[in-house]
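Student: Need a 3D model of the sequence below.
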Amino acid sequence: MIKYYFKSIRSESVKEITEPKPGTWIHAEAPTAAEIELLVKKFKLDAGYLEDALDEDEVPRLERESEQSYIFVRYAYQNDEGDMDTAPLLIVFDTEVIVTVSALPLPAVGTLIKNRTDFATTQRAKLILLILSHISEQYDTSISQTSRRIKAIRSRLRGQGISNQDLIDFVTLEDELNEFLASLLPTNATLRRLLAGRQLPMFEEDEDIVEDLLLNNEQSIEAIRSNLRSISNIRDAYTAISSNNLNHTITVLTIATILIALPNVFFGMYGMNVALPFQNQGWAYGLIVGFNVVLILLIAAIARKKRVI
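Tutor: Sure thing, here's the model as predicted:
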């Protein structure tokens, strides 16, 4: 699906047009082979880069071909299972138009068009920076949500209420954070190339926006690493607590086994059909019971003193 959007500086809203003209924003969502061929012929684009934009594993980078700059980034979105994931986006800066290509719906399109953000498609560099800014905000929102989920699980750790589902959630959260980290690191490298090179004609104000994006992404990267450390620490703490609880349980069961086994030795001896001391005395039973009680109390006291129980 290919759509053409146009908004000049004097226009009040973005309009969808049927035919592109200079200053148009062309967005292709999950384009077919025929649509890719159309874009290549009409705007003289590189077909290989357009096909790369549909590769779900494509990494952020910056390429330059003649008068066109091909900017690959990845944006965050929620998949059908409700988990956060990232997808590639290609932004093509041409001398007359801007082309964006994505395999999945791009949230920035709806945000810029429906919310009537103050921008113009004729200001190509500013439009690209607005798209990148929206992608950065999406990462911030997703990372904040992940941080809240981690804190909620950590609070349950104090009451030892972590369940197996929490541990499964940790695996999912860790995958999401690693995916974000793998996307943001090369994105920052791409932004630095934009500042250092001349792939985009930027004013001083635009350069400030790029620097802000770099700083914001650096903060997001640090937040991701902090969350990953928190997950690792919580997992290690839960493992230590579980191991300690298991050791305590085994210790208690071992002592209980000893306390039960020792009296059985004496009761078993006097249950045998052989001659034993005091077997014909009436007080022998009480003596054996009393001796076992004293023995049990003595073992329990020693275990208590050694802090075994």
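
Student: Can you identify each of the strands in this protein by residue range?
Tutor: Assigned by DSSP state E, the chain shows strands spanning 2-6, 15-17, 25-29, 61-65, 68-78, 84-93, 98-102.

Student: Can you list the buried residues in stretch 294-305?
Tutor: Using 16 or more other CB atoms under 10 Å as the test for burial, stretch 294-305 gives Ala303. Using the backbone N, CA and C atoms, a C-beta is placed for each residue, glycine as well.

Student: before we move on, what about stretch 227-239?
Tutor: 227-228, 230-231, 234-235, 238.

Student: And the pLDDT at Met269?
Tutor: We have a pLDDT of 66 for Met269.

Student: Please apply the same query to Arg116.
Tutor: 58.

Student: before we move on, what about the one 3 residues further on?
Tutor: In the predicted model, Phe119 carries a pLDDT score of 79.

Student: For the remainder of this discussion, apply numbering that starts at 19.
Tutor: All right, first residue 19 from here; so that's Phe137.

Student: Distance-wise, check it relative to Ala143.
Tutor: Using CB to CB, to the nearest Å, Phe137 is found at 11 Å from Ala143.

Student: re earlier: point out the least confident one among the buried residues of stretch 245-257.
Tutor: Tyr256 (80).

Student: Among the buried residues of stretch 245-257, which lie within helices?
Tutor: Per DSSP state H, helices hold the following members of those: 245-246, 248-249, 252-253, 256.

Student: How about Phe111: what's its closest non-neighbour residue?
Tutor: Distances taken as CB to CB, 6 or more residues apart in numbering put Ser87 closest to Phe111, at 4.2 Å, once the chain neighbours are dropped.

Student: For the one you found, give the beta-bridge partners.
Tutor: Arg82, Phe111 (DSSP bridges).

Student: repeat for Phe24
Tutor: Beta-bridge partners, per DSSP bridges, of Phe24: Lys33.

Student: re earlier: closest to Val189 out of the strands of the chain?
Tutor: strand 102-111 (13.7 Å; CB to CB).

Student: Could you check the angle the closest one makes with strand 86-96?
Tutor: Angle of strand 102-111 versus strand 86-96, following axes from the mean of the first three to the mean of the last three CA atoms, to 10 degrees, is 160 degrees.

Student: Mind giving me the packing neighbours of strand 102-111?
Tutor: Judged by 3 or more CB pairs under 8 Å, 6 or more residues apart in numbering; DSSP states H and E, strand 102-111 is in contact with helix 65-70, strand 86-96, strand 116-120, helix 142-176, helix 182-214.

Student: between these, which gets nearest to Gly304?
Tutor: helix 142-176 (50.2 Å).

Student: which other helices and strands contact the closest one?
Tutor: Looks like helix 142-176 contacts strand 86-96, strand 102-111, strand 116-120, helix 125-132, helix 182-214, helix 222-287 (3+ CB pairs under 8 Å, 6+ apart).

Student: Now flag whichever of the ones in helices among the buried residues of stretch 245-257 is closest to Ile153.
Tutor: Nearest to Ile153 among those, counting by CB to CB, is Asn245 at 19.3 Å.

Student: Thought Arg166 was touching the closest one, still the case?
Tutor: No - contact criterion CB atoms under 8 Å: Asn245 and Arg166 do not qualify, at 10.4 Å.
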